[in-house]
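In: What would the 3D arrangement of this be:
(one chain, ligands or ions: 1)
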Amino acid sequence: MKHFKNLLLLVVTLFFAISLISCGKTEDPVESGSENNNSNGSNEKPNETNEHRILVAYFSATNTTKHIAELINEEVDGVLFEIIPAVSYTSADLNYNNSNSRTSLENKDDSIRPEIKGTVENMEQYDVVYIGYPIWFGKAPKPVYTFFEAYDFSGKTIIPFCTSGSSSIGSSATYLEKLTKSATWLNGTRFSSTANQSTVASWIEGLKY
Ligand SMILES: Cc1cc2nc3c(=O)[nH]c(=O)nc-3n(C[C@H](O)[C@H](O)[C@H](O)COP(=O)(O)O)c2cc1C
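Out: Numbers count the residues shown, from 1 in each chain. You can find the predicted model right below:
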């Protein structure tokens, strides 16, 4: 009988010990925590919840495209990158009615590549790149061309979007596509300046990548 009591005591003790250990495990803050650890040393958000690493790059002279890029990034939880020209465009430069304005001259010269500031850290980590720009004379502004010639986009999926007064995205992205090798370009779209979060969300939902 004494042996039986001792055995019972041992079984009960073991049961509680095992229960305590497993409780301790589930409450461990390190295991249950959801803090994002960014290994690239920058303040860029890692999009851990996505199966893709997404870059949302854009050029915007008067912030319309910037706003759309921000809405897109809200949806995809990627990394925003602004393409900034080394010499910014003044309002005189943006005067498309003057055939001698900087933008008019840049539009007429296919070889021109305005210098841009900053670089995308670790471009190789991204597999999806959204690229946004305003339509200038039916095309993408030349700093966007500079951006595409600065990196290797092989193997990446590229999704263009634009804003404009009224023009569609047209063949603006086709000219950019020619600057990349072995990248997959999806059909892009044009947003008006009044596009909101749900406009952007339903466009992204329809994309297959
Ligand atoms: C130099 C220049 C050329 C433009 N060309 C066109 C055009 O061909 N078609 C169009 O619909 N809008 C055109 N626009 C209007 C812009 O595409 C539109 O205002 C755009 O949303 C501005 O974007 P942003 O604020 O991001 O720079 C042009 C604007 C500028 C400054």
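In: Can you name the residues of the chain that neighbour the ligand?
Out: By Cβ under 6 Å from any ligand atom, the residues of the chain that approach the ligand are 60-66, 94, 96, 103, 134-138, 163-167, 193. To be clear about C-beta, it is placed using only N, CA and C from the backbone, and glycine gets the same treatment.
In: Show the buried residues in these.
Out: In the residues of the chain next to the ligand, burial by neighbour count holds for 60-61, 64-66, 94, 103, 134-136, 163-164, 167, counting by 16 or more other Cβ atoms under 10 Å.
In: Check the gap between T64 and K156 for me.
Out: Distance, T64 to K156, using Cβ to Cβ, to the nearest Å: 25 Å.
In: Next, give me the two most distant ones among the buried ones among the residues of the chain next to the ligand.
Out: K66 and S167 (18.7 Å; Cβ to Cβ).
In: Where does D110 sit: helix, strand or coil?
Out: The assignment at D110 comes out as coil when based on DSSP: H, G, I helix; E, B strand; the rest coil.
In: Which pLDDT does the model give it?
Out: Looking at D110, its pLDDT reads 96.
In: a markdown table for the buried ones among the residues of the chain next to the ligand, including secondary structure, pLDDT and distance to N187?
Out: Rendered in a markdown table, the data for these read as follows (DSSP: H, G, I helix; E, B strand; the rest coil; pLDDT from 0 to 100; distance: Cβ to Cβ, whole Å):
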| residue | secondary structure | pLDDT | distance to N187 |
| --- | --- | --- | --- |
| S60 | coil | 98 | 21 |
| A61 | coil | 98 | 24 |
| T64 | helix | 98 | 21 |
| T65 | helix | 98 | 18 |
| K66 | helix | 98 | 22 |
| L94 | coil | 98 | 28 |
| T103 | helix | 98 | 26 |
| P134 | strand | 99 | 19 |
| I135 | coil | 98 | 16 |
| W136 | strand | 98 | 20 |
| T163 | strand | 98 | 17 |
| S164 | coil | 98 | 16 |
| S167 | coil | 98 | 16 |
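In: ok, and what's touching stretch 186-194?
Out: 64, 67-68, 135, 157-164, 167-169, 173, 199-200, 203, 207-209 (Cβ atoms under 8 Å, 6 or more residues apart in numbering).
In: any chance you could map the strands in the protein?
Out: 54-58, 79-82, 84-85, 116-117, 128-134, 157-163, 184-185, 189-191 (DSSP state E).
In: Would you reformat the ones you listed as TSV and include distance to Y145?
Out: Below are those laid out as TSV (distance: least, Cβ to Cβ, whole Å):
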stretch	distance to Y145
strand 54-58	13
strand 79-82	16
strand 84-85	12
strand 116-117	10
strand 128-134	10
strand 157-163	13
strand 184-185	15
strand 189-191	19
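In: of all those, which lies closest to E149?
Out: Using Cβ to Cβ, those put strand 116-117 closest to E149, at 10.1 Å.
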